[in-house]
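**Q** Quick one, structure for this:
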Amino acid sequence: MKFEPVYYADKTRPVDFSNPTFSKDFPLTIINPEGYSGIVTLWTKPWDVWDELLERFPRLFQKDSPLVTLTSLYGNGLPQMLANLAYNPQLEYLAITGNDGNAVPSSKYLLNFLEQGVEIGDPLGTIRGTTFPIDLKLKPELFKHLKVEKFKPGDLESVVNFVTREKTYNLRESDRVKIELIQPEFSDYPSDITLHQINEETPIDAWMEIIFRLNRFGKNIQLQKGIRRTLFNLDVHVKNSEVEDREKLRKFNFDLDELNAYRKDMLKGELSEGTTYTYGNRMRKYFGIDALEKVIERFKKDPADRRGFLTLWDVKEDITSSSSSDSSVPCLTDLYFVNLEGKLMLTANFRTHNATSAWMLNFYGLRAIQEYVAKETGIGIGKINVKSRWIGIDPDDAKTNSAIDLVEKNRRKRINVNDPNGYLVIDVRGNKIEADHYSSEGAKLTTYSGETAREIKDQLRQDSAFFSFDHGEWIGYELARAHHKLHGELPEL
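**A** Numbers count the residues shown, from 1 in each chain. Reported below is the predicted structural model:
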């Protein structure tokens with residue numbers, strides 16, 4: 001049997017034995033399509049492991065090698081990898097090596113799936129012991145022939161000994177099982193995909209609105225790694241950034257322990273071996289200073305300081321990086337802290353964002369940074385603003401389908417007329433419609449007056465007297481009611 005991928009066929013190419021290098025543009029670089037072993041490197045860059053294996057064990061890169069391919073496993077690609085393995089049951093040995101992510105433990109997802117199975121759900125199940133959603137057509141019993149072993153990063157000799165064991169199964173074409181994973185359904189609605197703004201009370205509320213907006217208004221864009229449904233310059237404001245209840249998070253497939261592990265890692269300045277970058281390292285070590293401590297020093301000297309800004313983007317290194325992978329350079333590019341009325345507001349800019357699997361992790365990491373600076377400066381904790389220059393969801397990702405389903409079942413938009421621009425009291429006085437405009441604290445600002453609802457509407461619009469969409473709807477209703485009271489008819493458009 002020859003290896004034939006069901007998924008990522010466009011990312012597959014045969015190795016050139018005259019120069020057996022790993023192609024970053026083709027993460028499924030095939031060594032021997034008739035082999036029976038594979039290697040996954042988790043979050044470690046597969047080309048680094050490839051190069052070391054090629055130097056130390058060149059026999060693995062010959063035409064009769066038992067090795068089919070070597071590739072990464074970041075987490076989201078697990079369903080596609082399993083579907084490929086189901087269709088290629090000749091793969092008998094799968095070695096796991098490299099560094100795993102604390103927040104997205106890919107090896108835990110894979111091993112729990114094989115060893116503990118799946119909890120039934122609708123339409124997706126969940127891998128036992130995790131919050132990872134999985135297509136129920138992927139059954140652990142399909143992989144009983146598969147021998148999987150995890151090795152310490154760098155223990156390549158043990159990896160090679162494992163993948164070069166003798167083959168014990170002789171499988172036929174009829175043993176292939178083709179699985180077509182559940183695909184999310186999208187409906188395109190018109191909008192300016194560069195001007196979406198979200199204002200929500202909590203991180204979960206904000207995340208649900210992000211998924212809703214991407215699903216409804218996003219544009220499908222073809223990238224090198226596949227189609228992504230995308231919005232640009234998404235501006236998200238979260239008033240209450242506190243860590244949420246464990247059960248509430250689990251309801252939306254978020255694990256508090258994984259989020260807390262990410263929060264902890266966010267403040268670490270050390271860079272572990274084999275890791276290209278971390279946000280903590282970029283903030284605290286990479287540029288030769290601890291930028292967080294410098295921000296804290298400035299606020300201690302002057303609570304109204306306007307230089308609480310730090311960057312994680314190294315223009316010289318990152319813009320010239322030869323890697324085709326977005327994961328090799330920081331997605332979080334800069335942070336800005338400001339003391340707003342006694343509370344520390346944090347604004348974070350992201351170059352690119354995966355809304356399904358990364359946004360909530362990143363937000364909780366930002367909350368950890370905000371807590372640290374607030375504690376050290378004695379300033380209260382304020383809102384967090386997250387600006388995503390590019391944000392998307394992967395239509396082929398099982399997590400996306402699960403997220404959309406959860407949002408459809410749980411998203412309830414509450415009417416909110418607490419407009420930061422103030423409020424209006426609208427009534428008929430004499431032969432006029434009048435709208436008294438008050439600040440949020442109750443101070444009267446001005447009175448708008450006119451004979452028709454349209455006159456008042458035009459005055460309010462000219463002065464930008466309201467900001468909230470919900471408030472605007474309420475104002476329209478009240479103006480129509482007042483116009484009818486004065487004239488006995490509804491206003492003309």
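**Q** all helices of the stretch 51-200 of the chain, in order?
**A** 78-87, 106-116, 156-163 (DSSP state H, counting those that start in this stretch).
**Q** Point out the most buried one among those helices.
**A** helix 78-87 (a mean of 22; mean count of other Cβ atoms under 10 Å). Any C-beta I mention is one placed from the backbone N, CA and C, and that applies to glycine too.
**Q** could you give the angle of that helix to helix 106-116?
**A** 50 degrees (axes from the mean of the first three to the mean of the last three Cα atoms, to 10 degrees).
**Q** which helices and strands does helix 78-87 pack with?
**A** helix 106-116, strand 133-135 (3 or more Cβ pairs under 8 Å, 6 or more residues apart in numbering; DSSP states H and E).
**Q** who does the shortest one touch, helix- and strand-wise?
**A** Going back to what we said before, that points to strand 133-135. Helices and strands touching strand 133-135, by 3+ Cβ pairs under 8 Å, 6+ apart, are helix 78-87, strand 124-127, helix 398-410.
**Q** hmm, try it at 10 Å
**A** helix 78-87, strand 118-119, strand 124-127, helix 398-410 (3 or more Cβ pairs under 10 Å, 6 or more residues apart in numbering; DSSP states H and E).
**Q** quick one: the first one to helix 398-410, angle?
**A** Comparing the axes of helix 78-87 and helix 398-410 via the same axes, to 10 degrees yields an angle of 130 degrees.
**Q** what's around Lys316, how many residues?
**A** Neighbour count for Lys316, taken as other Cβ atoms under 10 Å: 6.
**Q** And the pLDDT for it?
**A** Per-residue pLDDT puts Lys316 at 94.
**Q** looking at this protein, which residue ends up farthest from its center?
**A** Distance to the chain centre peaks in the chain at Gly430, reaching 56.3 Å (criterion: Cα atoms, centre = their mean).
**Q** what about it, distance to Thr347?
**A** In this view, Gly430 and Thr347 are 48 Å apart by Cβ to Cβ, to the nearest Å.
**Q** List the contacts of the residue nearest in space to the middle of the chain.
**A** Central residue of the chain (Cα atoms, centre = their mean): Ala358, 2.5 Å from the mean position. Counting by Cβ atoms under 10 Å, 6 or more residues apart in numbering, Ala358 touches 76, 103-104, 262, 331-332, 350, 352, 365, 388, 391.
**Q** for Trp474, what are its contacts?
**A** Neighbours of Trp474 in contact, by Cβ under 10 Å, 6+ apart: 415, 417, 419, 423-424, 426, 466, 468.
**Q** Who wins on neighbours among those residues?
**A** Leu424 (24 neighbours).
**Q** didn't that one look like it was pressed against Asp436?
**A** Yes. Look at Leu424 against Asp436 with Cβ atoms under 10 Å: they come within range, at 6.6 Å.
**Q** Report the set of residues contacting both of these two.
**A** 445, 447-448.
**Q** Which of those residues fall within helices?
**A** Among the shared contacts of Leu424 and Asp436, none falls in helices (DSSP state H).
**Q** Any of those buried? List them.
**A** Tyr448 (16 or more other Cβ atoms under 10 Å).
**Q** export the shared contacts of Leu424 and Asp436 to CSV and tack on pLDDT and distance to Pro203?
**A** Below are the shared contacts of Leu424 and Asp436 laid out as CSV (pLDDT from 0 to 100; distance: Cβ to Cβ, whole Å):
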residue, pLDDT, distance to Pro203
Leu445, 95, 33
Thr447, 96, 40
Tyr448, 96, 38
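**Q** among the shared contacts of Leu424 and Asp436, which are in strands?
**A** Among the shared contacts of Leu424 and Asp436, the members found in strands (DSSP state E) are 445, 447-448.
**Q** So which of the residues you listed is the closest to Arg165?
**A** When these are compared for distance to Arg165 (Cβ to Cβ), Leu445 comes out closest, at 78.9 Å.
**Q** care to break this protein down by domain?
**A** Using automatic domain parsing, the domains assigned to the chain come out as 9-171, 197-410, 423-487.
**Q** Considering the helices and strands packed on helix 78-87, which stretch scores lowest in mean pLDDT?
**A** strand 133-135 (a mean of 92).
**Q** Parallel or antiparallel, which strands does that strand pair with?
**A** strand 124-127 (antiparallel) (DSSP bridges).
**Q** Would you map the strands across the stretch 301-450 of the chain?
**A** 309-311, 332-340, 343-350, 353-354, 380-393, 423-429, 432-438, 444-450 (DSSP state E, counting those that start in this stretch).
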